[in-house]
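K.L.:
here is my input; please provide its structure:
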Amino acid sequence: MIHQLKILPDFFDAVNNGVKTCEIRQEDDRRFSVGDLLEWSQDQGYTGRSCSAAVTHIIRHDDFPKGVPEGYAVLSLTVVG
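P.N.:
Have a look, this model is predicted:
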């Protein structure tokens, strides 16, 4: 599945450069899976750039109750393309 997400320019740069390799996202309106693609587009008033990353690992509240709030997921990423 491909998820279109919003991201602030500083975080976008870090993901795109491969420095930021994780993302914390709320799963209230979607559920992430290993193998999903996350796509960010900075064309809505930002830089005009885009990047994609594959989800390689997920930690949820059930996996780590004291570290991950319920309803959130910690996503490990690898930039693709």
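K.L.:
the protein: strands as residue ranges?
P.N.:
2-5, 22-26, 37-41, 50-60, 72-80 (DSSP state E).
K.L.:
can you redo these as TSV with mean neighbour count and mean pLDDT?
P.N.:
The C-beta positions use only the backbone N, C-alpha and C, and glycine is treated the same way. Formatted as TSV, the strands of the chain follow (neighbours: other C-beta atoms under 10 Å; pLDDT from 0 to 100):
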stretch	mean neighbour count	mean pLDDT
strand 2-5	12	91
strand 22-26	14	95
strand 37-41	18	88
strand 50-60	17	95
strand 72-80	17	97
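K.L.:
now render those as JSON lines, adding distance to residue 12.
P.N.:
Listed next are these as JSON lines, based on distance: least, C-beta to C-beta, whole Å:
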{"stretch": "strand 2-5", "distance to residue 12": "10"}
{"stretch": "strand 22-26", "distance to residue 12": "11"}
{"stretch": "strand 37-41", "distance to residue 12": "6"}
{"stretch": "strand 50-60", "distance to residue 12": "7"}
{"stretch": "strand 72-80", "distance to residue 12": "11"}
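K.L.:
so how far is residue 73 from the residue positioned nearest the centre of the chain?
P.N.:
Geometric centre of the chain, nearest residue: residue 23, 4.4 Å, by C-alpha atoms, centre = their mean. Distance, residue 23 to residue 73, by C-beta to C-beta, to the nearest Å: 9 Å.
K.L.:
outside of stretch 49-68 itself, list whatever touches it.
P.N.:
12, 15-16, 23, 27, 32-43, 69-81 (C-beta atoms under 8 Å, 6 or more residues apart in numbering).
K.L.:
mind running it again at 6 Å?
P.N.:
If you take C-beta atoms under 6 Å, 6 or more residues apart in numbering as the criterion, stretch 49-68 is touched by 16, 32, 34, 36-42, 70, 73-81.
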